[in-house]
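Student: missing the sequence, but the structure's below:
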C-alpha cells in the first residue's frame, strides 16, 4: 500500500525478512513462532502536478500480529506514539526552545483489516481500544479484490457495527465537527467519507499498460487486470486524497488540539495514560476483555501502518 500511495517503490516486501527474524519458543508442549514487530521508518517527498511538495514520515510495522503470542505488539506501538508526545512536552517545558526541533507525532494510523468477510477480530478490537486515545485511527480493508462487491459491502457493515458496538475510538470525520463552523459542502464531504468507512483498498507494486496506453498500477489475474485507482472496486483514490490533500490539516489539528492535549493533561496531573477503553464489554454472546496478555496471545494476525 505504501508504494501505491507514494507512486514509487519506497519499501520492499517484508515477507522474507520476517521469516529470517522469526523465532520459535516453547509454550508447554507446543512450539510457537515469534515474529518481532519492527518499526520501519521511511521519509518520502511527494510533489503534485502544481509543484506543491509534501514530506511524509512513514512508519511501517512489519511483523505486527504475525506471532502466536502478540503480547508486546501493542506496547511497542503505543510506547512509540507516547514517546513522541513526551518529546513535545519536554520541548514545551524548556526556557529556550530548539529552533530545529522536529515534531515527530503520528497524525494518522492506518489500521489494515484482513478481508475475512466477517467483522473485527478480537485482536483488532483490543488494538483499537489501546491506541485509539493516542492516535487518529483510520480503518482500512486490505486486499479488497479478494471479496465480491456484495461481500465487501457486507464486510464493511459488520466492521462498522463492531466499531459502534464496542465504541472504538476511530477518526470518523464527524467527531468534533460543528455544523455551524464549516460549510455545507465540507460537512457533506465528511459525511460521505464517514459512509465509506472502513475504506477498502487494493495495492500493487506492478505497472501495466491501461486501455488508453497509459501506465497504471494494477493487479493482474488470468481473467484481466484491476486498476487500483478504479473507484468501482477500490476507495484508494479517495483515501489518498483524504490523507494528502483534503484532511491533512484536520488530522494534524485533531492530534494537537485533542489527543495531545488529553495526554498532556493526564501526564502533568500525574495520571499515566492507559486509555479510556481498557475495560470489559459484554452483552449477550459478545464479550471482549480489556488488553491482557492472555487475550492478546490468543488472537490472530492483522497489520498496521503509521503515517504522519
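Tutor: Yep, it's here. Note that this is a predicted model, so its numbers are computed, not measured.

Student: all helices of this protein, in order?
Tutor: Remark: helices of the chain, listed N- to C-terminal, are 2-6, 15-21, 71-92, 122-131, 149-165, 184-196, 236-241, 248-254, 261-268, 293-297; assignment by DSSP state H.

Student: just for this structure, where's the confidence low?
Tutor: Confidence mapping of the chain against pLDDT under 70 gives the ranges 13-35, 69, 71, 272-308.

Student: report the central residue of it.
Tutor: The centre of the chain sits closest to residue 110, judged by CA atoms, centre = their mean, with a distance of 1.6 Å.

Student: and among the helices of the chain, the most buried is which?
Tutor: Comparing these by mean neighbour count (mean count of other CB atoms under 10 Å), helix 122-131 comes out on top with a mean of 23. The way it works is simple: take the backbone N, C-alpha and C, and place the C-beta from them, glycine included.

Student: taking helix 71-92 as reference, get the angle to that one.
Tutor: Put simply, helix 122-131 runs at 20 degrees to helix 71-92, going by axes from the mean of the first three to the mean of the last three CA atoms, to 10 degrees.

Student: and residue 131, how far from residue 11?
Tutor: With distances taken as CB to CB, to the nearest Å, residue 131 is found 21 Å from residue 11.

Student: correction: the previous question concerned residue 151.
Tutor: 29 Å.

Student: equivalent analysis for residue 158, please.
Tutor: Between residue 158 and residue 11 the distance is 30 Å, computed by CB to CB.

Student: what do you get for residue 129?
Tutor: With distances defined as CB to CB, the gap from residue 129 to residue 11 amounts to 28 Å.

Student: wouldn't residue 189 be in contact with residue 246 here?
Tutor: Yes. Counting by CB atoms under 8 Å, residue 189 does reach residue 246; the two are 7.1 Å apart.

Student: any idea how many residues pack against the nearest residue to residue 137 once chain neighbours are set aside?
Tutor: Taking CB to CB, 6 or more residues apart in numbering as the measure, residue 137 lies nearest to residue 170, with 4.7 Å between them; neighbours along the chain are not counted. Counted by other CB atoms under 10 Å, the residues lying close to residue 170 total 19.

Student: now residue 231
Tutor: Here the neighbour count serves as a burial measure; for residue 231 (other CB under 10 Å) it reads 10.

Student: excluding sequence neighbours, find me the nearest residue to it.
Tutor: Using CB to CB, 6+ apart and skipping the chain neighbours, the partner closest in space to residue 231 is residue 237 (6.1 Å).

Student: so that neighbour sits right up against residue 227, yeah?
Tutor: No. Judged on CB under 8 Å, residue 237 makes no contact with residue 227 at a distance of 10.1 Å.

Student: list the contacts for residue 48?
Tutor: If a contact means CB atoms under 8 Å, 6 or more residues apart in numbering, then residue 48 has residue 54 as its contacts.

Student: if we use 10 Å, what do you get?
Tutor: Each residue near residue 48 by CB atoms under 10 Å, 6 or more residues apart in numbering is listed here: 54, 244-245.

Student: show me which of those is closest to residue 177.
Tutor: Top of the list for closeness to residue 177, among these and by CB to CB, is residue 245 at 18.2 Å.

Student: around the closest one, count how many other residues there are.
Tutor: Under the neighbour criterion other CB under 10 Å, residue 245 is assigned a count of 12.

Student: tell me how far it lies from residue 40.
Tutor: Using CB to CB, one obtains 25 Å as the distance from residue 245 to residue 40.

Student: out of the helices of the chain, which is closest to residue 175?
Tutor: The nearest among the helices of the chain, by CB to CB, is helix 248-254 at 8.2 Å.

Student: show me what that closest one is in contact with.
Tutor: Helix 248-254 is contacted by residues 54, 103, 105-108, 135-136, 138, 171, 173, 175-177, 186, 190, 241-243, 247, 260, 307-308 when judged by CB under 10 Å, 6+ apart.

Student: just the buried members of these?
Tutor: Buried members of those, scored by 16 or more other CB atoms under 10 Å, are 105-108, 135-136, 138, 171, 173, 190, 242-243, 247, 260, 307-308.

Student: tell me how far residue 72 lies from residue 188.
Tutor: Taking CB to CB as the measure, residue 72 falls 43 Å from residue 188.

Student: no, scratch that, I was asking about residue 159
Tutor: Taking CB to CB as the criterion, residue 159 is separated from residue 188 by 23 Å.

Student: who wins for proximity to residue 207 among the helices of the chain?
Tutor: Between the helices of the chain, helix 2-6 lies closest to residue 207; by CB to CB that is 10.8 Å.
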